[in-house]
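Chemist: model this:
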Amino acid sequence: MSGQQVIEIQQAFEAYLTQQGKHLNTIRSYANDLRQFSQWCGNTFGEEFTLAELTRSDVQDFRTFLLTRNSSPASVNRKITALRQFFEFCVQSGAMNSNPAADISGINAEPRAPIVLPRKDALLLARTAERNPGPLEAAVILLLLHSGLRSTELCAITVGDVHMTPREARLFIKGVRGKTTRFVYLSSRAQNALRQYMRWRGVAIMAKRLRKEPLFITYDGTALTQQAVDQLVKRIGRTAGLSDITPSMLRNTFAASALQSGKPLETVARVLGVSSLKTLQRLKGDMDEEREQ
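Modeler: So this is what the prediction gives:
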């Protein structure tokens, strides 16, 4: 198989990942991982290496090579995952007979502690978003920060998922990562930001429940995407003088605030829509250690 054929298969794989709704950053990372593997294969086996002849030992040798280059466990594990998914795609497309990375295990690594914004930074980020001329930024930032939504869940909210009365507001969240659904109640500050956005959006507060069009759209009228949310959060963060702010950090900050207020782990897990308590337990443990210092 020529190098050009390998490139064509990789391009088809990237198109497949896009169709599957994978995050743009994930697709770029996988593409870089595959290029690195192709370069390693070329240096190891010669320029005209054949995908179909790759073995499990070859993938293990590549993993060993990465470790000799001082790659982090997380980086190595992601590269092996990229290869496993790419080879599976090759099997399905007929370019390979079997997946040589199917049972290659990752490298055990200490899980990273959730990154939580200090209270003053969270307040600064919220104020910066509220001062923005357009209403979208405040609605996105306040919802992520005050309700712990995932960016994918925020983008999936439809007009009919908003339930508002003069006394309270809640969102019906469909389980993007599974079949679970839940209601998320909004703080008064998040309610205010959402009401202002809905007025700009031209959506009545008491919108019909059956309306399925996306609630959140960009200023040019297109549906808000996960990538657009990431960019919006980073942009508002930079404006506030905070670098590398991500939606997951806002979700972690909400969880930390809820735990700090005394809410039980199980309650916070239900609000966040997660089934495992491991991350929350680690977060609570870190908070307890900080208080003891």
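Chemist: quick one: buried residues of stretch 244-258?
Modeler: 245-247, 249-258 (16 or more other CB atoms under 10 Å). To be clear about C-beta, it is placed using only N, CA and C from the backbone, and glycine gets the same treatment.
Chemist: sitting in helices, which of the residues you listed do you find?
Modeler: 247, 249, 250, 251, 252, 253, 254, 255, 256, 257, 258 (DSSP state H).
Chemist: which one of those is nearest to residue 125?
Modeler: Set against residue 125, the nearest of these by CB to CB is residue 250 (7.9 Å).
Chemist: what's the closest non-adjacent residue to that closest one?
Modeler: residue 144 (4.1 Å; CB to CB, 6 or more residues apart in numbering).
Chemist: quick check, the one you found in contact with residue 154.
Modeler: Yes. Judged on CB atoms under 8 Å, residue 144 makes contact with residue 154 at a distance of 6.7 Å.
Chemist: low-confidence ranges in the protein?
Modeler: For the chain, the stretches with pLDDT under 70 are 1-5, 47-49, 109-113, 175-180, 205-210, 286-293.
Chemist: domain-wise, how is it divided?
Modeler: In terms of domains, the chain is parsed into 3-93, 119-292 (source: automatic domain parsing).
Chemist: how about residue 35: what's its closest non-neighbour residue?
Modeler: Per CB to CB, 6+ apart, closest to residue 35 is residue 10, 7.9 Å.
Chemist: then residue 247?
Modeler: residue 151 (4.1 Å).
Chemist: for that neighbour, give me its contacts.
Modeler: For residue 151, the contact set (CB atoms under 8 Å, 6 or more residues apart in numbering) comprises 144, 226, 229, 230, 233, 247.
Chemist: let's see it at 6 Å
Modeler: By CB atoms under 6 Å, 6 or more residues apart in numbering, the residues touching residue 151 are 226, 229, 247.
Chemist: which one of those residues sits closest to residue 98?
Modeler: Distance to residue 98, by CB to CB, is smallest for residue 226 among the contacts of residue 151, at 33.4 Å.
Chemist: any idea how far that closest one lies from residue 25?
Modeler: Using CB to CB, to the nearest Å, one obtains 10 Å as the distance from residue 226 to residue 25.
Chemist: neighbour count: those two, which is higher?
Modeler: residue 226 (20 against 11; other CB atoms under 10 Å).
Chemist: pretty sure that one contacts residue 154?
Modeler: No. Using CB atoms under 6 Å, residue 226 makes no contact with residue 154, being 8.6 Å away.
Chemist: for the stretch 51-200 of the chain, what spans make up the strands?
Modeler: 162-164, 169-174, 181-185 (DSSP state E, counting those that start in this stretch).
Chemist: now those strands in JSON lines, with distance to residue 62 and mean neighbour count?
Modeler: What follows is those, written out as JSON lines (distance: least, CB to CB, whole Å; neighbours: other CB atoms under 10 Å):
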{"stretch": "strand 162-164", "distance to residue 62": "49", "mean neighbour count": "19"}
{"stretch": "strand 169-174", "distance to residue 62": "39", "mean neighbour count": "18"}
{"stretch": "strand 181-185", "distance to residue 62": "42", "mean neighbour count": "14"}
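Chemist: looking at these, which is nearest to residue 102?
Modeler: strand 169-174 (32.3 Å).
Chemist: residues in contact with that closest one: which ones?
Modeler: 153, 161, 163, 181, 182, 183, 184, 185, 186, 191.
Chemist: of all those, which two lie farthest apart?
Modeler: The most widely separated members of the contacts of strand 169-174, counting by CB to CB, are 181 and 191 (20.9 Å).
Chemist: perfect, I'm done here.
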